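>>> Starting from these lines, generate the structure:
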Amino acid sequence: MRKWRSSGPAFAPAAAVALGTVVLLGIWAAASSFIHSEIVLPSPWRVALAVVELFPTSRFLAALQATFFRGLASFGISMAAGVAVGLACGLSATFAYTMAPTLTVTRATPVLAVILLALIWFPSGAVPVFAAVLMAFPVVVADVRQGVRSADPKLLEMAKLFRLRRRDQLKSIYAPAVAPHLVSASHSALGLCWKVVVAGEVLSQPVRALGTGMNRARIELETAEVFAWTFAGILLCAFTDLLFKLARRRRGVDVQPS
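Numbers count the residues shown, from 1 in each chain. The predicted model follows:
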């Protein structure tokens with residue numbers, strides 16, 4: 001069957017994004033006008049003013065920096081631990097069966113339950129990091145394990161025949177097989193870490209955090225400011241996601257819109 005290929009202009013995706021944004025803002029403005037309550041749903045213009053007022057302040061910049069480093073820490077820990085465990089699970093069926101109950105329980109545990117337990121065990125600043133690592137870790141393990149198992153069996157048989165050292169097998173056979181799965185795992189873990197970190201901050205209330213600012217604005221019924229703090233979290237996630245996709249494109253890896 002012949003595949004359909006788009007023949008539209010190169011600017012079509014950007015125009016579609018712009019159109020979708022305008023439609024979304026229009027629906028938001030109409031809903032705000034209909035509800036007619038700034039506490040329930042402020043207008044886009046009111047939220048834009050709140051963003052302009054909030055973003056240059058020192059308390060916002062300190063909160064943004066703290067959340068950024070928590071997100072990076074949780075991403076780095078989950079990737080390091082997930083890659084190590086994923087490789088071990090892929091190379092050893094016994095180890096995979098041993099880890100199965102832990103990974104199953106971790107995947108099935110609600111994020112809120114993890115955060116509430118972490119509030120008992122850790123200081124407020126460590127709660128978001130712990131929760132994010134626990135949520136992202138199984139995702140990385142599953143992808144890396146799948147990558148190890150996707151290694152070409154013919155190459156593995158040849159390596160066994162020629163008695164290739166384990167280290168050389170990892171470098172020459174397993175690494176190329178794991179690479180695309182590792183990219184997918186890191187992309188998924190990155191987005192998940194930002195979401196869980198901010199959610200953890202809302203409940204744990206560290207001194208400096210986007211989630212803390214968001215919750216304080218909620219308590220004061222400053223809904224426009226809640227939107228502004230939320231918008232900062234979205235921008236943080238979008239910025240790192242954009243950097244990630246640009247890095248993938250420079251390496252010649254196709255990136256589908258998400």
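>>> and T102, what are its phi and psi?
Here is the backbone geometry of T102 (degrees, to the nearest 10): phi -60, psi -50.
>>> Let me fix that, I meant to ask about L221.
The phi/psi pair for L221 (degrees, to the nearest 10) is phi 60, psi 30.
>>> can you pull the contacts of it?
By C-beta atoms under 8 Å, 6 or more residues apart in numbering, L221 lies in contact with I39. (Each C-beta comes from the backbone N, C-alpha and C, glycine too.)
>>> Equivalent analysis for A228, please.
Listed by C-beta under 8 Å, 6+ apart, the contact partners of A228 are 47, 50-51, 53-55, 217.
>>> Regarding the nearest residue to it once chain neighbours are set aside, what is its secondary structure?
Distances taken as C-beta to C-beta, 6 or more residues apart in numbering place A50 nearest to A228, at 4.2 Å, with adjacent residues excluded. Secondary structure for A50, judged by DSSP: H, G, I helix; E, B strand; the rest coil, is helix.
>>> how near is A50 to A224?
4 Å (C-beta to C-beta, to the nearest Å).
>>> what touches both of these two?
Counting by C-beta under 8 Å, 6+ apart, the residues touching both A50 and A224 are P42.
>>> give me every residue that touches the residue most central in space within the chain.
For the chain, G191 is the residue whose C-alpha lies nearest the centre (C-alpha atoms, centre = their mean; 1.2 Å). G191 makes contacts with 237, 241, as judged by C-beta under 8 Å, 6+ apart.
>>> hmm, which two among the contacts of A228 are most spread apart?
Taking C-beta to C-beta, the two most distant members of these are F55 and A217; they sit 13.6 Å apart.
>>> who's more crowded, the two?
Shown here are F55 and A217; by other C-beta atoms under 10 Å, A217 has more neighbours (20 against 14).
>>> Tell me the buried residues in the strand or helix carrying L61?
Assessed by DSSP states H and E, L61 sits inside helix 58-91. With burial defined by 16 or more other C-beta atoms under 10 Å, the residues of helix 58-91 counted as buried are 60, 63-64, 66-68, 70-75, 77-79, 82-83, 85-91.
>>> Packing partners of it?
Counting contacts by 3 or more C-beta pairs under 8 Å, 6 or more residues apart in numbering; DSSP states H and E, helix 58-91 packs against helix 93-108, helix 127-149, helix 175-204, helix 210-219, helix 223-250.
>>> Now do the fourth one against helix 175-204, angle only.
Translated: helix 210-219. Helix 210-219 and helix 175-204 are oriented at 30 degrees to each other (axes from the mean of the first three to the mean of the last three C-alpha atoms, to 10 degrees).
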